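In: coordinates for the following, if possible.
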Amino acid sequence: MGKIKVAICGIGNCASSLIQGIEYYREENGQNPIGLMHPEIGGYKPSDIQVVAAFDVDARKVGKDVSEAIFQPPNCTKVFQPNIPIMGVKVSMGKILDGISEHMKNYDASRTFVVSDKKEATREDIVRTLKDSGAEIFLNYLPVGSEKAVRFYADCVLEAGVALINNMPVFIASDETWAERFQEAGIPLVGDDVKSQLGATIVHRILADLFKNRGVKLERTYQLNTGGNTDFLNMLNRSRLESKKESKTEAVQSVLKKRLDAYDIHVGPSDYVAWQKDNKVCFIRMEGRLFGDVPMNLELRLSVEDSPNSGGVVIDAIRCCKLALDRKIGGVLYSPSSYFMKHPPRQFPDSEAYQMTEEFIAGKRTS
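Out: Have a look, this model is predicted:
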């Protein structure tokens, strides 16, 4: 089928897990490898994904081969595939803008950014690198709250004619103006804010849908999350959390029979615990009323390695995006976005989004 050429912006834990996964499943010979939702999509396997360009701003990553950069601090995710062949792709210096929160400079350098002294890339530099590399799909892994930086790179992607998968909660696919720009350019777009394979949001959504289907009135709920990676450290700056909180809250509200008042629902990152590293611990509580107006409550604790959890979804989003390129489909891919992302342009129950995505893969849907 040929290679799927991707560029990655932000060589952090999520990029590390994705790249480890590509190599891990290359070596996996089983017919139904553990951890993949789709061993094959449209003839493409995970091993068909090839990283051809990469951008970061950390001195410990810029200038290094991607195979080495993914294991540099502050990355702290689980190493499940330690042997990554030299890829022949060096990490290029990117554009900072609002990509780094000021408060992170007060933490130990091993857990935060060491900004490269290399000259920041210009728009022309980014576009040139994308074109020269032959990249087909751009993966956005910038930190939460990087509003200006995400829009800068989205502009670069449009100019370079490269598809975009927006894995974080700055709204591009779910913004009508940006969606129209990608539609007019005939460039595929998947977003916004990746929904983990089995993470806090998908579990909370499924439980909320279960309450609705079983006639249980949900009265109030919370989702609290702690972690020790740079994502959680970055989100200690509450001013950067607005879009993230909106994304996660709307993902749950959208499946309820009746939307809860803001007072009765809290969904969002809660605190940074350094020793947890890339382990994310989620606490969900749901209070409702059963038959006869009898009260009940449910409490759940979920512990997952955060970044591999998203890698299992992105590896499918990439292949769906490639199908769109092969089929010359431009604009927002509504079906994959609704299944893979927390804040897609159109929300559907997960069972329906799953079926829509299967139909897209089979060629029965055009977006």
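In: got phi/psi on the residue nearest to Ser367 when sequence neighbours are not counted?
Out: Take Ser367 and drop its neighbours on the chain: the residue closest to it by CB to CB, 6 or more residues apart in numbering is Tyr334, 5.0 Å away. For glycine as for every other residue, the C-beta is placed from the backbone atoms N, C-alpha and C. Main-chain torsions, Tyr334, degrees, to the nearest 10: phi -70, psi -40.
In: need the contact list for Tyr334.
Out: Pro344, Pro345, Arg346, Met356, Ser367 (CB atoms under 8 Å, 6 or more residues apart in numbering).
In: state the distance from it to Thr366.
Out: 10 Å (CB to CB, to the nearest Å).
In: top helix in this protein by residue count?
Out: helix 306-326 (DSSP state H).
In: quick one: average confidence on that helix?
Out: Helix 306-326 shows a mean pLDDT of 97.
In: pull the distance from it to the chain's centre.
Out: Centroid separation for helix 306-326 versus its chain: 9 Å, with CA atoms, centre = their mean, to the nearest Å.
In: partner strands of the helix or strand following it, parallel or antiparallel?
Out: Using DSSP states H and E, the helix or strand that follows helix 306-326 towards the C-terminus is strand 331-332. On the basis of DSSP bridges, the sheet neighbours of strand 331-332 come out as strand 188-190 (parallel).
In: contacts for the strand it pairs with, please.
Out: 137, 163-166, 172-173, 178-179, 182, 317, 320-321, 324-325, 329-333, 336-337, 340-341.
In: same question for stretch 326-333.
Out: Outside stretch 326-333, the residues that touch it by CB under 8 Å, 6+ apart are 42, 173, 179, 182-183, 185-191, 320-321, 324, 345, 360, 363, 366-367.
In: redo the contacts of Tyr334 as JSON lines? Include neighbour count.
Out: Formatted as JSON lines, those follow (neighbours: other CB atoms under 10 Å):
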{"residue": "Pro344", "neighbour count": "28"}
{"residue": "Pro345", "neighbour count": "20"}
{"residue": "Arg346", "neighbour count": "14"}
{"residue": "Met356", "neighbour count": "21"}
{"residue": "Ser367", "neighbour count": "17"}
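In: distance of the residue sitting furthest away from the middle of the chain relative to Arg220?
Out: Largest separation from the mean C-alpha position in the chain: Gly292, at 41.8 Å (CA atoms, centre = their mean). Between Gly292 and Arg220 the computed distance is 19 Å (CB to CB).
In: show me where the stretch 101-250 of the chain has helices.
Out: Taking DSSP state H, counting those that start in this stretch as the test, the helices found in the stretch 101-250 of the chain are 123-133, 147-160, 176-185, 200-213, 230-234, 242-253.
In: list the buried residues for the longest helix of the chain?
Out: For helix 306-326, burial by neighbour count (16 or more other CB atoms under 10 Å) applies to 306-325.
In: can you show me the strands along the stretch 51-200 of the chain?
Out: Ranges of strands in the stretch 51-200 of the chain, per DSSP state E, counting those that start in this stretch, are 92-93, 137-140, 163-166, 188-190.
In: what are the neighbouring residues in contact with Ile315?
Out: Counting by CB under 8 Å, 6+ apart, Ile315 touches Leu18, Gly21, Ile22, Tyr25, Leu36, Pro46, Ile49.
In: now, which of those residues lie within strands?
Out: Using DSSP state E, Ile49 are the members of these that sit in strands.
In: count the neighbours of Pro169 for me.
Out: 27 (other CB atoms under 10 Å).
In: kindly report the same for the one 5 residues further on.
Out: Counted with other CB under 10 Å, the neighbours of Ser174 add up to 23.
In: then Glu287?
Out: Glu287 is flanked by 16 other residues according to other CB under 10 Å.
In: and Met1, by the same measure?
Out: The local packing of Met1 (other CB under 10 Å) involves 12 other residues.
In: check it and give its pLDDT.
Out: Looking at Met1, the pLDDT reads 70.
In: what count of nearby residues applies to the nearest residue to it once chain neighbours are set aside?
Out: Of all residues not flanking Met1 in the chain, Gly43 sits nearest, at 4.5 Å (CB to CB, 6+ apart). By the measure other CB under 10 Å, the count of residues near Gly43 is 12.
In: for Gly43, what are phi and psi?
Out: According to degrees, to the nearest 10, Gly43 has phi 90, psi -10.
In: and the pLDDT at it?
Out: 95.
In: where does the stretch 51-200 of the chain dip in pLDDT?
Out: Low-confidence segments of the stretch 51-200 of the chain (pLDDT under 70): 105-111.
In: picking that back up, buried subset of the contacts of stretch 326-333, written for PyMOL?
Out: The following PyMOL line selects those of the contacts of stretch 326-333 that are buried, judged by 16+ other CB under 10 Å:
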select buried, resi 42+173+179+182+187+188+189+190+191+320+321+324+345+360+367
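In: where does Pro345 land on pLDDT?
Out: Pro345 is assigned 97 on the pLDDT scale.
In: what sits against the closest residue to it other than its chain neighbours?
Out: Excluding the flanking residues, the one nearest Pro345 by CB to CB, 6+ apart is Ser174, at 4.6 Å. Neighbour list for Ser174: Gly191, Asp192, His343, Pro344, Pro345 [criterion: CB under 8 Å, 6+ apart].
In: could you dump these to TSV with distance to Glu120?
Out: Formatted as TSV, the contacts of Ser174 follow (distance: CB to CB, whole Å):
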residue	distance to Glu120
Gly191	25
Asp192	25
His343	29
Pro344	32
Pro345	32
